[in-house]
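[1] Turn this into a structure:
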Amino acid sequence: MANESVYHGSCFCGEVKFQVTGEPEAMGYCHCESCRHWSAGPVNAFTLWKPTALKVTHGTESIGTYNKTPISFRKWCKKCGGHLFTDHPTMGLVDIYAAMIPKLKFTPGVHVHYQETVLRIHDSQPKMKDMPKEMGGSGVTLSE
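    I've put the predicted structure just below:
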């Protein structure tokens with residue numbers, strides 16, 4: 001446990017600070033309309049962690065939550081509006097947006113919800129139609 005990596009992050013203004021310990025369960029890109037809309041970008045870079053790896057170290061009372069669906073509880077700072085992470089209770093994981101962990105070496109391994117993409121990315125990584133089977137998806141892979 002003493003040798004585990006600890007990464008620090010914060011919201012845009014620094015009011016909410018957090019740390020995450022260990023290594024993510026997965027990293028990749030989500031192309032779904034919901035993530036694109038929330039992130040205000042053509043794709044969202046994600047890192048998935050076990051919830052026990054995440055610890056908010058400052059500003060817990062400044063965290064707002066919005067859930068459009070029961071599978072995604074999106075968290076942001078009430079002071080600056082900066083996005084933080086998304087709890088995915090049905091998966092038992094939390095998505096800490098890759099940009100929120102500046103010292104983590106982001107190594108994407110998959111694209112999810114690629115059938116909804118608005119930005120084709122040619123990187124030789126698997127392009128899942130929706131999600132892997134083990135996460136409740138079809139497991140269907142699309143071509144680049």
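[2] how distant is the lowest-mean-pLDDT helix or strand in the chain from the center of its chain?
    Lowest by mean pLDDT, DSSP states H and E among the helices and strands of the chain is helix 33-39, with a mean of 91. In terms of Cα atoms, centre = their mean, to the nearest Å, the centre of helix 33-39 is found 11 Å from the chain centre.
[3] hmm, who's touching it?
    By Cβ atoms under 8 Å, 6 or more residues apart in numbering, the residues outside helix 33-39 that reach it are 42-44, 46, 68-69, 72, 74, 83, 97, 113, 116, 118. Yep, even glycine has a C-beta here, placed from its N, CA and C like the rest.
[4] Now render the residues you listed as a markdown table, adding secondary structure.
    Formatted as a markdown table, these follow (DSSP: H, G, I helix; E, B strand; the rest coil):
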| residue | secondary structure |
| --- | --- |
| 42 | coil |
| 43 | coil |
| 44 | strand |
| 46 | strand |
| 68 | strand |
| 69 | strand |
| 72 | strand |
| 74 | strand |
| 83 | strand |
| 97 | coil |
| 113 | coil |
| 116 | helix |
| 118 | coil |
